[in-house]
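*Asks:* just a sequence and a predicted model for now, questions to come.
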Amino acid sequence: MIALSPLKKFTYPIQAEAINPDVFQGKTISEIGELTVYEGNKLRKLSELFSIKEMPGEPTTIQIDGDVSQVRRIGLGMKNGEIIINGNAGMHLGEKMAGGKITVNGDVGGWAGSDMKKGTIEIHGNAGDYLASPYRGSATGMKGGNITVDGNVGSDSACYMRGGVIKIKGNAGPFLGYHMSDGAIYVQQNAAPRLGASMTGGKIIVSGTVEDMMPTFSIDSIKPKVKVDDTTNVTGPFYVFLGDLAEHGTGKIFASKAANPALKAYEKFL
Amino acid sequence: MTELLIKNGFVFDPINGVNGEKMDIAIKDGKIVEKVRSTAKTIDATGLTVMAGGVDIHSHIAGGEVNTGRIFRPEDHIKDAVSKTSLTRAGTGYSLPSTFVTGYRYSKLGYTTVMNPSIAPIGAKHAHEELNDIPLIDKASFPLLGDWWFVLENLAKGDVEECARHIAWMMQTTKGYAIKIVNPGGLESWGFGRNVHSIDDQVPNFCITPREIVRGLAKVNTMLNLPHTIHLHTNNLGVPGNYKTTLETMRALEDLATNDKPIAHITHIQFASFAGDDWGKFRSAADEISKYINNHNHITLDMGQVTFTDTTTMTADGPFEHTLYTLSKHKWINSDFETETSGGIIPFQYKKNNAVNAIQWSIGLEIALLIKDPWKIYMTTDHPNGGPFTAYPRVLAWLMSKKAREATLKKCHKKAQKKSLLPSIDRELTLYELAILTRAGTAKTLGLKNKGHLGVGADADVAIFNINPETTDIAKQYKIVRKAFNSSVYTIKDGKIVAKDGEIVDNTTPGKTMWVDVRTKEPCKIDEEMKKKFRQYWTVDYENYPVPDHYLKVPQAIPIQGSV
């Protein structure tokens, strides 16, 4: 196991796509220290910014101890191995990830798991905006893999999602699942407005309050329980909404019946 | 006084009938000359192919639409960021390159002149500002005049002569080069959410049909003696079965041609050669179109080849982009340029495993290969609609090698493989023919007398490629040739070496902006009525409308005397 810890409090953003098990693999400590990263507009060696130590454990694991909320693109495109971050992580964590696992014992910035294809990201804190959403303008979002967030997520998360599972134990910001076409999102608490806007497929399950159901969703049925993925079933009952009809969508929003008395008015359309 | 001698290359110069002969090309002060002094700088082109600089007849490189497309597609730029060097500026590339990158990349491909088709007249200033920023290539733009209100009004009245005087004024006003017509009548209809579906449909509020617009403007073009013909994007573009409309449009112009000379250039013909009743029965109409062109001389074409990439479609043809939107469901920009034109932009990915896309790919090549006379069809991808211009080497490879075509066709959708005519076509273009498709033919159709050839007096725009026609079988070794066309050994612009081995080596050549300064015997009638219209319907007053002379960084006015 390779352990990194920051040598100072970072003032400028650091572009650290080099912090990646695939890149570290087969390198000695001194070779890892020679890897280059940008601090602001200055090219630095990794050893100038982090202390690097070898510790007992899996050789493909990287552990970062300390606050790296200014460090971006950790684990960019990683395929194997594991990264454990004990502290907050910066933007673009696990971007284009294609395998392996990232665990964060803290909060993460925006764009975590952006363009993700496979693998697991566990965030034991809050996630920023654009969790699992693609680069601006792109219409190909998360394709597969698992993301778990213990806290809340920001706005515009899971945009253009095409597969995979996202579980959020806290609240979700606006525009969750914008334009999603497949995959599953489970929100244990409340969801902000514009939930599932323009969605054409997939499902969003909300156990708490849905602040504002879009008028382009129509009620389909009431179901006692729903399956999130192979391991998780959630019991309801749930109002099942179909939409987004503005896009001729067949996506489903499951909103808890108990937590959403405001949606009772829809029952007359059943 | 700069002198340059290109020694001992295999020269392909179709306009002067030079087919791969070993020759020396002498350059003095930006022009090709008979000979230079012995002290002149020499380029040893032994074993290399020498051609005139490429002339692109149809490539959207500047203007409101292109720029809106750039704003619209950040995900396109991130794939292809271009860093600055000591000579060149930073930018972004792929399907919508930034202005500087456009110039650099064209130069590396050996191109020295590019026509920017379709600018909305009100966007002319913007387009010229962008053209000013594109270095290393000469350029010109075609204002959209097929749905210009004054044209429609004059033609509806039957006053072709006044229409001609007005167009002359418009050429000076927009600093334009040729008359561009896009979906005649359809753009005006699109303002009301409608379209025209045949060349005899009525245009709302104007009592005129597309047939009358096209014929009228073809007559105007002849009256004004413009160097290029009308540049026409036909009705019903991109709709299955539209080849009938295309043929009807061609027939409608038959009687206007004189002396066997072309009267119209129909652009991106691939998109106008669809047969079948719907997308399910979609097939190629290359056979019908090429048969007609083989028997008639009044039309020239360019390919609009599809190249299987992730690209951006953009056209003034708003209704067509709406059709694309309903098919692709991708993000879509729809616009209506005041009273002038419409417009639409949609990202589009052409896929080999999509039957329609694969057939489209086949159509472009079929037409280019089935038309016997290479002077009638030119190579374009309708950049960026069929693919970015950086894909030209691939298109050239398909044209010159059956092996290259078969290699791509093998990966295409089964339905496309079955329907394609390509396996039955053995023709493989020679370097001489490729020179016609990419420079000589386009320069001739555009009326650029000093471009597209290497005769004495021509502009010293030269491209040298690493192809030895004596030792290379271009049909079999297409990959070598594709690589060679991808980056020229030398690109020479106005007598200066601007690119060498795929690197830009000069940043002092801005490239000229050409425009036609058409004089008419009587001036265009500009009365209070017209000024009032500008005040009522445009956001810009008549007085502020024209592009002033100082707007063009390096203007090259081409004086022309009209016959009205």
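*Replies:* Happy to help now that I have it.
*Asks:* where does the stretch 51-200 of chain A get nearest to chain B, residue-wise?
*Replies:* Distances from the stretch 51-200 of chain A to chain B, computed as C-beta to the nearest C-beta, single out residue A:138 as the nearest residue at 3.6 Å. Where you see a C-beta, it was placed from the backbone N, CA and C, and this is true even at glycine.
*Asks:* let me see the contact set for that residue.
*Replies:* The neighbours of residue A:138, taking C-beta atoms under 8 Å, 6 or more residues apart in numbering or on different chains as the test, are A:115, A:160, B:74-75.
*Asks:* wait, a helix at residue A:263?
*Replies:* Yes. Assessed with DSSP: H, G, I helix; E, B strand; the rest coil, residue A:263 lies in a helix.
*Asks:* I'd like the distance between it and chain B.
*Replies:* Noted for residue A:263: a distance of 29 Å to chain B, by C-beta to the nearest C-beta, to the nearest Å.
*Asks:* if I look at that residue, how far off is residue A:211?
*Replies:* Between residue A:263 and residue A:211 the distance, using C-beta to C-beta, to the nearest Å, works out to 11 Å.
*Asks:* can you tell me the helix or strand for the residue of the stretch 51-200 of chain A closest to chain B?
*Replies:* Taking DSSP states H and E as the criterion, residue A:138 maps to no regular element, lying outside all helices and strands.
*Asks:* which of the contacts of residue A:138 are buried, as a PyMOL select command?
*Replies:* The following PyMOL command selects only the buried members of the contacts of residue A:138, with burial defined by 16 or more other C-beta atoms under 10 Å in any protein chain shown:
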select buried, (chain A and resi 115+160) or (chain B and resi 75)
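*Asks:* the contacts of residue A:138 in helices, which ones?
*Replies:* Assignment to helices by DSSP state H places the following of the contacts of residue A:138 there: B:74-75.
*Asks:* between the contacts of residue A:138, which is nearest residue A:109?
*Replies:* Relative to residue A:109, the closest of those is residue A:115; by C-beta to C-beta it sits at 15.6 Å.
*Asks:* in space, what's closest to the closest one - neighbours in sequence excluded?
*Replies:* Closest residue to residue A:115 in three dimensions, ignoring its sequence neighbours and counting by C-beta to C-beta, 6 or more residues apart in numbering or on different chains: residue A:96, at 4.7 Å.
*Asks:* interface residues of the stretch 101-250 of chain A facing chain B?
*Replies:* Within the stretch 101-250 of chain A, the positions lying close to chain B (C-beta under 8 Å from any C-beta of the partner chain) are A:134-139, A:247.
*Asks:* spatially, which two of those residues are the most separated?
*Replies:* Greatest spatial distance in those: A:135 and A:247, 21.4 Å, computed using C-beta to C-beta.
*Asks:* what does the pLDDT read for residue B:1?
*Replies:* Looking at residue B:1, its pLDDT reads 57.
*Asks:* I meant to write residue B:419 there.
*Replies:* If you check residue B:419, the pLDDT there is 88.
*Asks:* OK, contacts around it?
*Replies:* Taking C-beta under 8 Å, 6+ apart as the contact definition, residue B:419 lies against B:283-284, B:359, B:362.
*Asks:* of the residues you listed, list those near chain A.
*Replies:* Counting by C-beta under 8 Å from any C-beta, nothing from the contacts of residue B:419 sits close to chain A.
*Asks:* dump those to CSV, plus pLDDT, secondary structure and neighbour count.
*Replies:* Conversion of these to CSV gives the following (pLDDT from 0 to 100; DSSP: H, G, I helix; E, B strand; the rest coil; neighbours: other C-beta atoms under 10 Å in any protein chain shown):
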residue, pLDDT, secondary structure, neighbour count
B:283, 93, strand, 20
B:284, 94, strand, 26
B:359, 95, helix, 25
B:362, 96, helix, 26
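*Asks:* number of nearby residues for residue 169?
*Replies:* Since you didn't name a chain, this refers to chain A. A count of neighbours around residue A:169, defined by other C-beta atoms under 10 Å in any protein chain shown, yields 17.
*Asks:* you looked at the wrong chain, it should be chain B
*Replies:* The burial count assigned to residue B:169 is 19, neighbours taken as other C-beta under 10 Å.
*Asks:* same check, this time on residue B:29
*Replies:* Residues within reach of residue B:29, counting by other C-beta under 10 Å, total 11.
*Asks:* in the lengthiest helix in chain A, what's buried?
*Replies:* The residue-count maximum for a helix in chain A (DSSP H) belongs to helix A:29-34. Residues of helix A:29-34 classed as buried: A:32-33 (neighbour count, 16+ other C-beta under 10 Å).
*Asks:* now the strand or helix carrying residue B:498: how far from the chain's centre is it?
*Replies:* Secondary structure from DSSP H and E places residue B:498 in strand B:496-500. Remark: strand B:496-500 is offset 24 Å from the chain centroid, using C-alpha atoms, centre = their mean, to the nearest Å.
*Asks:* downstream neighbour of that strand in the secondary structure list?
*Replies:* Along the chain past strand B:496-500, the next helix or strand (assigned with DSSP H and E) turns out to be strand B:503-504.
*Asks:* what is the helix or strand following that following strand packed up against?
*Replies:* As assigned by DSSP H and E, the chain's next helix or strand after strand B:503-504 is strand B:513-519. Under the contact criterion of 3 or more C-beta pairs under 8 Å, 6 or more residues apart in numbering or on different chains; DSSP states H and E, strand B:513-519 touches helix B:124-133, strand B:138-143, helix B:160-174, strand B:555-561.
*Asks:* try 10 Å
*Replies:* strand B:111-119, helix B:124-133, strand B:138-143, helix B:160-174, helix B:210-224, strand B:555-561 (3 or more C-beta pairs under 10 Å, 6 or more residues apart in numbering or on different chains; DSSP states H and E).
*Asks:* so for that strand, what gets flagged as buried?
*Replies:* Residues of strand B:513-519 classed as buried under the neighbour-count rule (16+ other C-beta under 10 Å) are B:513-516, B:518.
*Asks:* repeat that for stretch B:20-39.
*Replies:* Buried-residue list, stretch B:20-39, by 16+ other C-beta under 10 Å: B:20, B:23-28, B:30, B:32-33, B:36.
*Asks:* just the ones of those residues in strands?
*Replies:* For the buried residues of stretch B:20-39, membership in strands holds for B:20, B:23-28, B:32-33, with DSSP state E as the criterion.
*Asks:* which residues of the stretch 1-150 of chain A fall in helices?
*Replies:* Per DSSP state H, counting those that start in this stretch, the stretch 1-150 of chain A has helices spanning A:21-24, A:29-34, A:46-49. These are given in chain order.
*Asks:* flag every residue of chain B that's near chain A.
*Replies:* With the criterion set to C-beta under 10 Å from any C-beta of the partner chain, chain B comes near chain A through B:71-79, B:328-331, B:347, B:349.
*Asks:* let's see 7 Å
*Replies:* B:73-75, B:78, B:330-331 (C-beta under 7 Å from any C-beta of the partner chain).
*Asks:* show me which pair in those is furthest apart.
*Replies:* When C-beta to C-beta is used, the two most widely separated members of the residues of chain B next to chain A are B:78 and B:330, lying 17.4 Å apart.
*Asks:* residue B:545 touches residue B:173, doesn't it?
*Replies:* Yes. Taking contacts as C-beta atoms under 7 Å, residue B:545 lies within contact range of residue B:173: 6.4 Å.
*Asks:* nearest residue to residue 50 other than its sequence neighbours?
*Replies:* Going with chain A. Nearest non-adjacent residue to residue A:50, counting by C-beta to C-beta, 6+ apart: residue A:4, 4.4 Å away.
*Asks:* let's do chain B instead
*Replies:* Beyond its immediate neighbours in the sequence, the residue positioned closest to residue B:50 (C-beta to C-beta, 6+ apart) is residue B:9, lying 3.6 Å away.
*Asks:* so who does that neighbour touch?
*Replies:* Residue B:9 is in contact with B:45, B:48-50, B:464, counting by C-beta atoms under 7 Å, 6 or more residues apart in numbering or on different chains.
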